[in-house]
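Student: give me coordinates for this.
(2 chains)
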Amino acid sequence: MNKLLSIALNDLKIALREKGIWINLVILPVILIIIIGLVNGGFGSSTPKTYVDVYDNDQSALSDQFLQSVRDLNPNVILCPLDNDEADSCKLKDVTLDATTSQKRVEDRVISAIIEIPPNFEQTLLAGEPTQVIYRSGETLAQPSALLQSVQTAITRISGASLAGRVSAFALAQTEQADAISLDAFYQTANSIWQNPPASIDYQLTSGGGDAPSGFSQSVPGMGSMYVMFTVLAGATALILERKNWTFQRLVMMPVRRWQILGGKITARFLLGMLQYSVAFGFGAVLGVRFFDNFIGVLALMISFSLCMTALAFFIATIVKTDMQASSLTLLVSLTIAPLGGAWWPLEIVPDFMRLAAYATPMGWAMHGYNELMLYGGGLGDIVLPVAVLLAASGVLFGLAIWRFKYE
Amino acid sequence: MENIVEARGLIKTYKRKDGTEVQAVKGVDLDIRKGEIFSLLGPNGAGKTTTISMISGLITPTNGDAKIGGYSITKAPLEAKALLGIVPQEIALYPDLSARQNLEFFGKMYGMSGKALSHRVDEVLEFIDLKERQRDRIDTFSGGMKRRVNIGVGLLHKPQLVYMDEPTVGIDPQSRRRILDTVLRLRNEYKMTVLYTTHLMEESQELSDRVGIIDHGRIIALGTQGELTQQVGEEDRLIFSIGEHKIDDAMLKRIKSEVAGVTDAKYEKVDLIITEDAPKGQDVIVDKRGTGTMTAVRSGQTYEGVITVLARRGRKALPSIISLLDSANVEIQSVEVREPDLEAVFLKLTGRALRD
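Tutor: Numbering: from 1, shown residues only, chains lettered A, B, ... in the order given. Model prediction:
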C-alpha cells in the first residue's frame, strides 16, 4: 500500500509541476464558470421557472382564486397555458394539451407537474362537500417540492376560507341578521383575511434558491465536470508518455506488484479530478451557489464522475499508441461529451433527441444528478440512479482497461 | 563459480497484426556468473533486449524460465527483482523532477524509506558525481548527466546484478568513457555482477569477462573473448575498396594461389545511395553502409566493389596483393586491415557485419 501511495503522490507531484497546470486547474474553469453562468441566467434570474400544465374544468371565480394563490405563493411558477408568453416559454407550439401530452411533458421534464381542477369545484366547495384538486408529478411525497408545497398551501387557504365562511354562516343563522348576509360574502371575507394569516411558513427553495443565481448553479457543476474531464483524461496521455519515457517499464521491472502500479496511477488521476471539482465548487460557493445542504449527494456525484473519467482515461490509454493520438482523442471526447451531456447549457432547452443522447454520456448522468440537487430541490433519493449508472460505467471501463492493459 | 542468472529455454513469440506469429527469441539458455561482466552482443533486432526483458520480468516468456539468485522471475518475481538493478537504454527518469527526487522516488519502490533512503541517495549522488546538481531538474541536464542518474537509480538498493542496456547510446566520448569506467568500478570495487548489452564490439571487448553473441533470437556463441576469437583462427582480414571496378574469379584465384598466406578471397558489390547533390564525377563523402565510416566516392557512382582477403599475417601479404591488382589496372581507393576480433567472430558465424 505504501508503494501505491508513493506512486500516487509522485504522479500528483509531477502533474502539479506541469507548465500551465494552474491555468487549466483554476483560471480557465473560473473564467468559464462566470461566462457560462452569465449566459445561462447569471445574476439576472434568481430561480429557474417551474412550469405546470393546468386543466381548469370549473372555470369559476374560486378556481381562478386558487390558481392565483399558487402564483402568489411561488412566483416562479408558470401555469400553462394560462401564463404562456410570446416566446412560448410553456413550449406549447404544435402541441394540443391533453392528459397524455401533459403526462409526457412531465416525463420529459418540460413541466414539473399537472394540476387538474374538477368541474363544479366552486359549487362543491361552497356547499361544504369534499372535492379534490388533482396534482400529478414525478416527485416523491417524502420530499415534496416547493411547487407541491405552494399548491398545498393554496388549497389549504381556500378550504380554510370556505370552512370559516360556513362556520360564520352557521353562527349568524342563530341571529336575526342571518338572511341579510350571504354565505359567499362570508367566504370572501375569510379568504381576504387569509391572505395575511396569523401564522405562516416562509417557503424557500433548499438549493438553487435563495440568493443563488440559477446560471451559476448550472455553470459550476457543468464547467467543473468539464474540467474534471480535461484534467483526468489527460491521464491517458500521461500514461502513454510514461511508457514512451520508459519510467513505466522501469517500475514494472522493480519489486512492485502490478496492481500497486496501476492503483497508484488511478489514485493520482482520481485525486486530481476531485481537486478540480474542489476548485469549481469552491468558487461556486464564493458566487453564492448553495450546495452544502446536499453536500453528501454532491460529493457522491463528484466521486462517481471522477472515478468514471479515470476509468475512461485508462481505457483510452489502451486503445491508442501515441501521446498525440491520446491528446486528440481525449480532446474530441471531452468537447463532444461536455455540451451533449449538459455541461454548457441546461438540457431542458435542447430538443428531445439531444436530451435522450445526453443519457448516453457520463456527463449527462452527472448533470442530471447535479440539477436534481441544485436546481430542483431533490434529495439523495434522486441521485441514486445517476450515481449507480456512473459507478457501473466505471466498473465496465476499468474492466476493459485492465483486460487490455499492456505493461510491456 | 556460482551463477547469479540461470535462464533455460527462453522463447518469446509475438503475434503480428495479420495473425501470423514471429519468434523474437528462439530458446535461449544462459548462465551468468557472480561477479563477472557479461556482455550480450548482437546487431539491432537480434533479440538482446527481448531476452533481457524476460530475465528482468518486464515481459513474460512464452516458454522457459529464468532465475535470479535462485528466484524464478515468473514464480517469485518480487524476490528476483529485488536482486536486480535496472539501467534501461532509455532515460527512464521523470524530467520534471530533480535528480534527488527521482532517486528518492525509485528508492521507495525498492522498499527504502526515511534516513536510510536519504543516506543511500547521498551515496549514489556521490558515486555518479552529481551531488552539486542534485536539486536541479532532470530536463536541465546534459545527455551524459542524465545517463549517470539513470545508472544511479539502478544502483540504489545495492543490487547483486545490474542490467545495463546499451548505456552509452547517444552520448559524447567523454561521458561514454566515464560510464565505461563506472561499469568496471561496479565489478572491481562493489563486486556486482553486470549484464551489459551492446552492439558496439569495442565496448564488449573492453569490459567483458565473457561474451554471448546473439543473432536472430539465438545465442550463437558464448565464452571469453579468447575462446571466441579462436573460432575464427588467427587470420587477418584485408578489405580493399575498388570503386565500380569489377573483379572476375580468375583474379581472385590468382590472389589465393600467388600470395603467400592467403586462404580466401571474395568479391562483392555494395550498393551506394548517394543523396548529396554534386556535379557528376566530383568526389562526395558518404557513410558507407551506415557504418559511420566516411568514404569518398564519385557522384553518380552506384555501387562500390569490395575485395575481402583472409590471410595469415595480412600486413605482410598486403604489398603482393596491391601489386597484383595494380597489374590488372584495378584502382584501389582504400585498404583496411582487421585483426581477429568479435566482429570477425560475428562475421564468420553469420556472414554479416555486426553493424549491417
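Student: contact residues of chain A facing chain B?
Tutor: A:2-3, A:6-7, A:10, A:13-14, A:17-18, A:245-247, A:249-257, A:407-408 (Cβ under 8 Å from any Cβ of the partner chain). For the C-beta atoms, the positions are set from N, CA and C on the backbone; glycine is no exception.
Student: what values do phi and psi take at residue A:79?
Tutor: phi -90, psi 120 (degrees, to the nearest 10).
Student: how many neighbours does it have?
Tutor: Per other Cβ atoms under 10 Å in any protein chain shown, the neighbour tally for residue A:79 reads 20.
Student: thinking again about what came up before, from the residues of chain A next to chain B, keep the buried residues only.
Tutor: Among the residues of chain A next to chain B, those scoring as buried are A:3, A:6-7, A:10, A:14, A:245-247, A:249-256, A:407 (criterion: 16 or more other Cβ atoms under 10 Å in any protein chain shown).
Student: so which of these are in helices?
Tutor: A:3, A:6, A:7, A:10, A:14, A:245, A:247, A:249, A:250, A:251, A:252 (DSSP state H).
Student: possible to save those as JSON lines with pLDDT?
Tutor: Listed next are these as JSON lines, based on pLDDT from 0 to 100:
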{"residue": "A:3", "pLDDT": "92"}
{"residue": "A:6", "pLDDT": "95"}
{"residue": "A:7", "pLDDT": "95"}
{"residue": "A:10", "pLDDT": "94"}
{"residue": "A:14", "pLDDT": "91"}
{"residue": "A:245", "pLDDT": "89"}
{"residue": "A:247", "pLDDT": "93"}
{"residue": "A:249", "pLDDT": "92"}
{"residue": "A:250", "pLDDT": "93"}
{"residue": "A:251", "pLDDT": "94"}
{"residue": "A:252", "pLDDT": "92"}
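Student: check those and tell me the two furthest apart.
Tutor: Farthest pair in those (Cβ to Cβ) is A:3 and A:245. Separation: 19.6 Å.
Student: now the strands for the stretch 251-356 of chain B?
Tutor: Using DSSP state E, counting those that start in this stretch, the strands found in the stretch 251-356 of chain B span residues B:262-271, B:283-287, B:294-298, B:303-311, B:334-338.
Student: which strands and helices lie in contact with the longest one?
Tutor: Secondary-structure packing of strand B:262-271 (3 or more Cβ pairs under 8 Å, 6 or more residues apart in numbering or on different chains; DSSP states H and E): helix B:249-258, strand B:303-311.
Student: got these as JSON lines, with mean neighbour count, distance to residue B:328 and mean pLDDT columns?
Tutor: Putting these into JSON lines (neighbours: other Cβ atoms under 10 Å in any protein chain shown; distance: least, Cβ to Cβ, whole Å; pLDDT from 0 to 100) gives the following:
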{"stretch": "helix B:249-258", "mean neighbour count": "14", "distance to residue B:328": "6", "mean pLDDT": "91"}
{"stretch": "strand B:303-311", "mean neighbour count": "21", "distance to residue B:328": "11", "mean pLDDT": "88"}
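Student: what's the local residue count around residue 227?
Tutor: Picking chain A for this. Neighbours of residue A:227 (other Cβ under 10 Å): 26.
Student: meant chain B, my bad for not saying
Tutor: 13.
Student: what about the helix or strand harbouring it, distance to the chain center?
Tutor: Under the criterion DSSP states H and E, the helix or strand holding residue B:227 is helix B:225-230. Averaged C-alpha coordinates place helix B:225-230 at 17 Å from its chain's average position (Cα atoms, centre = their mean, to the nearest Å).
Student: got the contact list for that helix?
Tutor: B:205, B:208, B:211, B:213, B:221, B:340, B:341, B:342, B:344, B:345 (Cβ atoms under 8 Å, 6 or more residues apart in numbering or on different chains).
Student: separation between the closest residue to residue B:121 other than its chain neighbours and residue B:137?
Tutor: With sequence-adjacent residues excluded and distances taken as Cβ to Cβ, 6 or more residues apart in numbering or on different chains, residue B:121 is closest to residue B:103, at 4.6 Å. According to Cβ to Cβ, to the nearest Å, residue B:103 and residue B:137 sit 13 Å apart.
Student: what's the answer for residue B:96, then?
Tutor: Separation of residue B:96 from residue B:137 (Cβ to Cβ): 6 Å.
Student: same question for residue B:106.
Tutor: Taken as Cβ to Cβ, the span from residue B:106 to residue B:137 is 16 Å.
Student: now swap in residue A:351 and tell me
Tutor: On the measure of Cβ to Cβ, residue A:351 and residue B:137 end up 52 Å apart.
Student: who's more crowded, the two?
Tutor: residue B:137 (16 against 8).
Student: got the contact list for the more buried one?
Tutor: Taking Cβ under 8 Å, 6+ apart, we find residue B:137 in contact with B:95, B:96, B:97, B:98.
Student: closest one to chain A out of those, please.
Tutor: Of all the contacts of residue B:137, residue B:96 has the smallest distance to chain A: 4.7 Å, by Cβ to the nearest Cβ.
Student: need the three-state assignment for the closest one.
Tutor: coil (DSSP: H, G, I helix; E, B strand; the rest coil).
Student: any idea how far chain B is from the residue nearest to residue A:386 when sequence neighbours are not counted?
Tutor: In space, and not counting its chain neighbours, residue A:386 is closest to residue A:369: 3.6 Å by Cβ to Cβ, 6+ apart. As judged by Cβ to the nearest Cβ, to the nearest Å, residue A:369 and chain B stand 36 Å apart.
Student: in stretch B:179-198, which residues are buried?
Tutor: B:179-180, B:182-183, B:186-187, B:192-198.
Student: pull the distance from the one helix or strand residue A:164 maps to to the chain's centre.
Tutor: Secondary structure from DSSP H and E places residue A:164 in helix A:146-173. In this view, helix A:146-173 has its centroid 34 Å away from the chain centroid, taken as Cα atoms, centre = their mean.
Student: now do stretch B:221-234
Tutor: With Cα atoms, centre = their mean, you get 17 Å for stretch B:221-234.
Student: for that stretch, list the C-alpha coordinates in PDB.
Tutor: Coordinates of the C-alpha atoms in stretch B:221-234 are reproduced here as PDB (Å, rounded to 0.1, in the frame of the first residue of the first chain):
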ATOM      1  CA  ALA B 221      28.500 -18.200 -29.400                       C
ATOM      2  CA  LEU B 222      29.400 -17.800 -25.800                       C
ATOM      3  CA  GLY B 223      32.700 -17.600 -23.900                       C
ATOM      4  CA  THR B 224      35.600 -15.400 -23.100                       C
ATOM      5  CA  GLN B 225      37.000 -13.200 -25.900                       C
ATOM      6  CA  GLY B 226      40.000 -15.500 -26.300                       C
ATOM      7  CA  GLU B 227      37.700 -18.500 -26.700                       C
ATOM      8  CA  LEU B 228      35.600 -16.800 -29.300                       C
ATOM      9  CA  THR B 229      38.300 -15.400 -31.500                       C
ATOM     10  CA  GLN B 230      39.900 -18.800 -31.600                       C
ATOM     11  CA  GLN B 231      36.800 -19.900 -33.500                       C
ATOM     12  CA  VAL B 232      37.900 -17.700 -36.500                       C
ATOM     13  CA  GLY B 233      41.500 -18.700 -36.300                       C
ATOM     14  CA  GLU B 234      44.400 -16.200 -36.500                       C
END
